[in-house]
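here you go, sequence then predicted model.
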Amino acid sequence: MSSPGNYSGGVLTLGTGDTITIGGTKPATITFSGPFTTGENSQVNVGGLTSDLTLITLDTLTLSVDSNVNANVIGNGAINLGVGSILGGNLSASTPTGVVTLSPDSRVDGFIQTDDGGVNVGNSGTVGGGITTEAGVVTVGEDVEVGGSISSIGGGITVGDSSRIVGGGISSEDGVVTVGDNVEVGGSISTIAGGITVGDSSRTVGGGISSEEGVVVVGIDTEVGGGISTIAGGITIGTLSRTIGGGIASVDGVITLHANVRIDGDVIADAGAINIGNGSSTCGSVTALGAGVITLTTNIHIGGNLSSAAGAIGLGAGSKVGGDVITTGAGVMTITDALVGGNVATTSGAINITNSRIGGTAEASGAGVVTITNSTVEDSALVVPTSPACVSQAAATVSLSNLTQSYTGSPLTPTATTAPGGLPVTFTYNGSPTAPTEPGTYLVVATIDDPNYTGSTSGTLVIEKAAATVALGNLSPTYTGSPIEATATTAPGGLNVTLTYAPGLTAPTAPGSYTVTATIDDPNYTGSTTSILVIGKATATSLSEASPRPTPVRRSKPPPRPPPEAST
């Protein structure tokens, strides 16, 4: 193609290793009415700019294994990228059948957009921009990196374990959003009609989680960078999870916090109940605006007030409330083995205080009865400690060592040392939480994972090939007329070995001395050795030694011919 402009064609199928170069004035646009398929290792416009070429397919487009197409693609049919293939530009599909599928380890450097078709990104794939679809379902596999946001109007969104949505959030109007374990989302997660589930040890860095009608479930040890809210659905927060910079609110649903959850703001339920598990804390208040019951188990710490409009309040052993505890309805209040920094009050419900200290008054303004057992009220000496959820994390340092290691066949991690010592540390390797096994270079980020301390550092983990040995044999053969190879034995056994000979590189045939070098050719092991291959002359055999002299054969004389008979 040496001239610019628009080109059209029917069906085009490239063979293995075929190359297309765009010449002349650019950009160029090629429209295919039939399928466009590349062969393995095909290359299209690899040396040019992405803007040099636009491919428009009215049928299917298929990139085979390890193909590289540096172009923007607009498709009306299905678009499939094979394992390890690369598309250097943006990818758009505009028909209901225009499903986009990226096989494992494939890459799209731009964005992916579909009108009605779904988008499927295989494990360890990469999308440089965002993923958007109007009606299609978006499915992202494990260990995938997306450089922008993911959005769908009518379809659901699923993000696999250990994936990273670096440049934005996740949003769906009508679909369900499901985020796996160890996922990092750079923005918020939202849906209007669908539910939201976030797996264990995941993070939303730049925003919160919201759903209008769906249920929100957050897994264990997950960090949310904002608030969590829903109108009609309930909210469940897993053990050791936390919100940073926001609280939790539900209009009609039940709110449940499991053990050791930290909430940076308020917890508010308009109509539903609130249940808070052992060891959890809030920096703000806990409020039930309707008839919902508030149940705090043991060792709960509320930084603000604890109040209910009509429901009961139960404050368990070892719990602490920095402000007031109030019910404005007929709900019964039970406080056991707890500290309350402010007043305890009810309009018409009963108050039962046992083995507790109350900094203010305890009274019922209506028909409620106040029962105080083995407790102190108006305790001026009481100082309620600050809620752990309100305490800013102190700075800590972490340093990395043991950054150069040899291949062992098992995952390898560096050594992290913290100050103060003994703090837990989490690692990522090129953005993935999975420790690497294979030789190579990996960017390591070490982050302190402690409720009271913060800090991180980075370094480069280098996994080198393991040392292996190779021994040479068959070094003194005899000339045969055919090329003669030395033999190689490795430890560990079965490794591939490359043999070279000098002079010359291939196996020799003629008698003589040759330097032979054996080099292990394996992705995980390294090693080599050198020796001398000596091809001896073959022994020639003389004719006399080869066979005995033949014995001469004596021929006998024929008998004398009889004389002729006399004729008559």
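Noted; the coordinates are in hand.

show me the contacts for S513.
Going by C-beta atoms under 8 Å, 6 or more residues apart in numbering, S513 touches 532-534. Heads up, the C-betas are built off the backbone N, CA and C, glycines and all.

quick one: pLDDT of it?
Looking at S513, its pLDDT is 94.

can I get the helix or strand containing it in PDB, CA atoms only?
In this structure, S513 sits in strand 512-520 according to DSSP states H and E. C-alpha atoms of strand 512-520 as PDB (Å, rounded to 0.1, in the frame of the first residue of the first chain):
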ATOM      1  CA  GLY A 512      40.800 -34.100  14.400                       C
ATOM      2  CA  SER A 513      40.500 -32.200  17.700                       C
ATOM      3  CA  TYR A 514      37.500 -29.900  18.300                       C
ATOM      4  CA  THR A 515      36.600 -27.600  21.200                       C
ATOM      5  CA  VAL A 516      33.100 -28.400  22.200                       C
ATOM      6  CA  THR A 517      31.000 -26.100  24.500                       C
ATOM      7  CA  ALA A 518      27.800 -27.300  26.100                       C
ATOM      8  CA  THR A 519      25.400 -24.500  27.300                       C
ATOM      9  CA  ILE A 520      22.200 -25.200  29.200                       C
END
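
partner strands of it and their direction?
strand 497-502 (antiparallel), strand 528-535 (antiparallel) (DSSP bridges).

adding mean neighbour count, mean pLDDT and distance to Y407, write these out as a markdown table.
Formatted as a markdown table, those follow (neighbours: other C-beta atoms under 10 Å; pLDDT from 0 to 100; distance: least, C-beta to C-beta, whole Å):
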| stretch | mean neighbour count | mean pLDDT | distance to Y407 |
| --- | --- | --- | --- |
| strand 497-502 | 16 | 94 | 18 |
| strand 528-535 | 15 | 95 | 17 |
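
can you put the ones you listed in TSV and add distance to G279?
Output for these, formatted as TSV (distance: least, C-beta to C-beta, whole Å):
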stretch	distance to G279
strand 497-502	59
strand 528-535	59
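
for G147, find the nearest of those strands.
strand 497-502 (40.0 Å; C-beta to C-beta).

what sits up against that closest one?
470, 485-486, 488, 490, 507-508, 514-521, 533.

10 Å instead?
By C-beta atoms under 10 Å, 6 or more residues apart in numbering, the surrounding residues in contact with strand 497-502 are 468, 470, 472, 483-490, 505-508, 514-522, 527-530, 533.

stretch 475-489 now?
Taking C-beta under 10 Å, 6+ apart as the rule, stretch 475-489 contacts 469-474, 495-499, 501, 506-512, 514, 516-520, 529, 531-539.

ok so, going back, looking at the contacts of S513, which one is closest to S201?
Once C-beta to C-beta is applied, the member of these that ends up nearest S201 is L533, at 57.5 Å.

which strand residues bridge the closest one?
Beta-bridge partners of L533, as defined by DSSP bridges: Y514.

is it true that I22 touches G5?
No. Judged on C-beta atoms under 10 Å, I22 makes no contact with G5 at a distance of 11.5 Å.

what touches both of these two?
Contacts common to I22 and G5, judged by C-beta under 10 Å, 6+ apart, are A28.

neighbour-wise, which of those two wins?
I22 (21 against 11; other C-beta atoms under 10 Å).
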